[in-house]
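**Q** Okay, predicted coordinates and the sequence, questions at the end:
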Amino acid sequence: MHDKLTHIFSQRSLHWFMFIIIGAALYGFTLHYPFVFDDRFFLIKNPLIKDPEMFFELLDIDEFLSDYVPRLSHPELATSFASRPIAYLSFSLNYLLGGKSPVFYRLFNIAVHISNAIMLYQLLLSIIRRRSDENGANRYLTIPLFAALIFLVHPLQTQSVTYITQRFTSLGTFFYLATMLLYLRSSSDGSAVVRRFVYVASVVAMILGLLTKEIVLTVPIALVMVDTILLHKPLRKTLIRLSPHIASMSLTPLILLNLANEIDNNQNLLSSATDLVGGIYSRSEYAITQLRAILSYFRLLVLPYNQNFDPDYPLYQSLYHPEIIISILVWIAFVVAGVRLLRRRERNICTDLTCFSIFWFPLSISVSSSFMPMSDLMFEHHSYLPSIAFCTGIVAYLHHVVNIDSIFWRNAVIVGLCLVSLVFGALTVKRNHIFHSRISVWSDTLKKSPNKFRPHYAMGKAFYRLGKYDQALLHLVKSLALNPDYVEPYVTIGAIYLDLEMPQSAIELYESYLASHQPEPRILMNLSLAYMTSGRLQQAIDTVKHALKLKKDDVKMLILLAELNLYAGKIQRAQHRLAQAREVDINDPAVDMSSLHNRIQGMIQWAIDRGAVTSS
């Protein structure tokens, strides 16, 4: 009677079904929630995912970048697309299935997250089976079950699931786990042909992962630790067997070096590709700060309160800062604990899994949180892959410290882990609710990051889309005060002035920006619109021509120039610009060429009927 609870949680056939039901319950209600933050940038307004033929153009990366960088409103889309094509392929499939609806995007994200939980379960189960007989495997079955369950329900995962764009992270983790699981399966019982096929599949999974997100770079090192720490295999034999995986690690630096070379040759990319080739911080500043940031992730995994969509994390510049000294001491304690577990005379699967997790946690986060600077010091989705090591280590350690042979203590651990899962699940539902609107996301963020420019801009943009101009201007002006060099608020504030029929205010704003910054195509285009609205046609024409020099073959600029020439009575020039626009071969969803063409042709006919045209 006393071990009924253990028996219930040992029914393997129910576990997959349980993961699917719980995952669907936690995230299913978010399917119709809107796109947020840079979902619009990477998905809705990204022309590269609208045409499947774009992926074939990546076969000639140099030509791809030279073709599309000058024509994209955000050139960094080209570098991101080139370095992470598998993730973008999934976005493209979602677009083909559902267009601009968020449903298929979110459904895919939820399916990936549930699949990751199932693969973690299978991975740990496979390791335990190799270390134990059937009875031993059943004895420790609650380790893979609750490690996967806590990973599934943890509220910190919302940043990688509900925030659609961070599929980069969750899908990268999918291939990371697939590589590990297939590698282990390739050494299991079965025919040589099957084992060889599964082994090759593990290498392919790693390559696909590297083309999804760079976090997969560390998977060969993780597999070395699996073989040596968990399965007690010789290091030399492991390295030989993993040689194809290790060789595949060169793919990421080769891609990034190639992109870096293109960036050096293209000034349009130089200012925008910081996440690929280094951020706005020095390597030393970023690395020092990450000593603290990684512990902040760990704290959020232990106690997931005060989550922040866009944290305003402090920059640390000295190793002698008190908080950095404390962080270093904590890291030393972790390393010492891992080494002591590794050197224990009496090791079992629980101690080995705990030891493995201690070393896997910093390894799995090292790509995003080490010495390679990124533009943001901390983002919650960086903890998605490391959370697997956290969940595994915590559950394994609990099984180690209690008397696992005691039915009472075994049931006590199960009850405790069930309660933790229940609380985490409730927090996940609560956290997901803030994504029901853009306003709610940024309201929550501004409570926690009131002095960061980006949440103010995003809130202003959200109010602008709702037509609430007063509230929009309040946040956009605050964003500019916090970061006067950020171009986006200038663009939006000027657009508000134009909507309010205040072209002179827009002109003054844009001219003030251009007086202190490098020319920016969107600023110039909006300034041209303001000049046109004010009746200053020649200045409008000159300004949009200047913009076209910076951003050749931009469809909307060419159309605007056609309109301006038409208003000036220059029909042949208008027709020439319209022809140029129609020749531009880019599937930009923001540009309806058919309606634009009809509008211009109608205006041309109107001008001809009134004789208000010239031939020059």
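**A** Happy to help now that I have it.
**Q** Below-threshold pLDDT in this structure: ranges please.
**A** 1-12, 69-75, 133-138, 189, 261-279, 403-406, 409, 584-616 (pLDDT under 70).
**Q** Against His321, how distant is the closest residue to Leu295 other than its chain neighbours?
**A** If the residues on either side of it in the chain are set aside, Leu295 comes closest to Ser327, at 5.4 Å by C-beta to C-beta, 6 or more residues apart in numbering. Just so you know, the C-beta spots here come from the backbone N, C-alpha and C atoms, and that holds for glycine as well. Distance, Ser327 to His321, using C-beta to C-beta, to the nearest Å: 9 Å.
**Q** of those two, who's got more company?
**A** Ser327 (22 against 16; other C-beta atoms under 10 Å).
**Q** which SSE is that one in?
**A** With secondary structure defined by DSSP states H and E, Ser327 is part of helix 322-342.
**Q** what about that helix, distance to the chain center?
**A** 29 Å (C-alpha atoms, centre = their mean, to the nearest Å).
**Q** I'd like to know which elements the helix or strand following that helix is packed against.
**A** Past helix 322-342, further along toward the C-terminus, the next helix or strand under DSSP H and E is helix 349-365. Applying 3 or more C-beta pairs under 8 Å, 6 or more residues apart in numbering; DSSP states H and E, we find helix 349-365 packed against helix 103-131, helix 142-153, helix 219-225, helix 283-302, helix 322-342, helix 384-401.
**Q** can you rerun that using 10 Å?
**A** On a contact count with 3 or more C-beta pairs under 10 Å, 6 or more residues apart in numbering; DSSP states H and E, helix 349-365 meets helix 103-131, helix 134-139, helix 142-153, helix 219-225, helix 283-302, helix 322-342, helix 384-401.
**Q** any chance of these in a markdown table, plus distance to Arg84?
**A** Below are the helices and strands packed on helix 349-365 laid out as a markdown table (distance: least, C-beta to C-beta, whole Å):
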| stretch | distance to Arg84 |
| --- | --- |
| helix 103-131 | 15 |
| helix 134-139 | 38 |
| helix 142-153 | 23 |
| helix 219-225 | 16 |
| helix 283-302 | 21 |
| helix 322-342 | 30 |
| helix 384-401 | 15 |
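**Q** for those, which one sits closest to Tyr163?
**A** helix 103-131 (8.7 Å; C-beta to C-beta).
**Q** and that closest one, which residues are buried?
**A** Buried positions in helix 103-131, judged by neighbour count with 16 or more other C-beta atoms under 10 Å: 104-131.
**Q** now Gly425: how far from Thr179?
**A** Applying C-beta to C-beta to Gly425 and Thr179 gives a distance of 29 Å.
**Q** Those two: which has the busier surroundings?
**A** Thr179 (27 against 19).
**Q** Mind jotting down where the strands sit in the stretch 351-500 of the chain?
**A** Counting by DSSP state E, counting those that start in this stretch, the stretch 351-500 of the chain forms no strands at all.
**Q** ok, how many other residues are close to Tyr457?
**A** 22.
**Q** could I get the helix or strand hosting Ala78 in CSV with only the CA atoms?
**A** In this assignment (DSSP H and E), Ala78 forms part of helix 76-83. C-alpha atoms of helix 76-83 as CSV (Å, rounded to 0.1, in the frame of the first residue of the first chain):
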residue,chain,number,x,y,z
GLU,A,76,20.7,42.6,-40.2
LEU,A,77,17.8,40.4,-41.3
ALA,A,78,20.1,39.1,-44.1
THR,A,79,22.9,38.1,-41.7
SER,A,80,20.5,36.4,-39.3
PHE,A,81,18.7,34.6,-42.1
ALA,A,82,22.1,33.4,-43.5
SER,A,83,23.4,32.1,-40.2
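**Q** mind checking how far it is from the chain centre?
**A** On C-alpha atoms, centre = their mean, the centre of helix 76-83 falls 13 Å from that of its chain.
**Q** Mind listing what's buried along that helix?
**A** Under 16+ other C-beta under 10 Å, the buried positions of helix 76-83 are Glu76, Leu77, Ala78, Thr79, Ser80, Phe81, Ala82, Ser83.
**Q** Same question for stretch 494-509.
**A** Gly494, Ala495, Ile496, Tyr497, Leu498, Met502, Pro503, Ser505, Ala506, Ile507, Leu509.
**Q** In helices only, show me those.
**A** The helices, defined by DSSP state H, take in Gly494, Ala495, Ile496, Tyr497, Leu498, Pro503, Ser505, Ala506, Ile507, Leu509 from the buried residues of stretch 494-509.
**Q** quick check, nearest of the residues you listed to Ile365?
**A** Once C-beta to C-beta is applied, the member of those that ends up nearest Ile365 is Ala495, at 39.3 Å.
**Q** distance of the closest one from Glu508?
**A** 15 Å.
**Q** Check Glu63 too.
**A** Noted for Glu63: a distance of 42 Å to Glu508, by C-beta to C-beta.
**Q** again, but for Phe151
**A** 53 Å.
**Q** same question, Gln159
**A** 40 Å.
**Q** Walk me through the domains of the chain.
**A** Domain segmentation of the chain under automatic domain parsing yields 4-277+403-435, 446-610.
**Q** could you redo the ones in helices among the buried residues of stretch 494-509 as a markdown table and give each row distance to Ser243?
**A** Listed next are these as a markdown table, based on distance: C-beta to C-beta, whole Å:
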| residue | distance to Ser243 |
| --- | --- |
| Gly494 | 57 |
| Ala495 | 56 |
| Ile496 | 59 |
| Tyr497 | 62 |
| Leu498 | 61 |
| Pro503 | 66 |
| Ser505 | 65 |
| Ala506 | 61 |
| Ile507 | 64 |
| Leu509 | 59 |
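**Q** Out of those residues, the closest to Arg167 would be?
**A** Looking across these and measuring by C-beta to C-beta, the closest to Arg167 is Ala495, at 29.8 Å.
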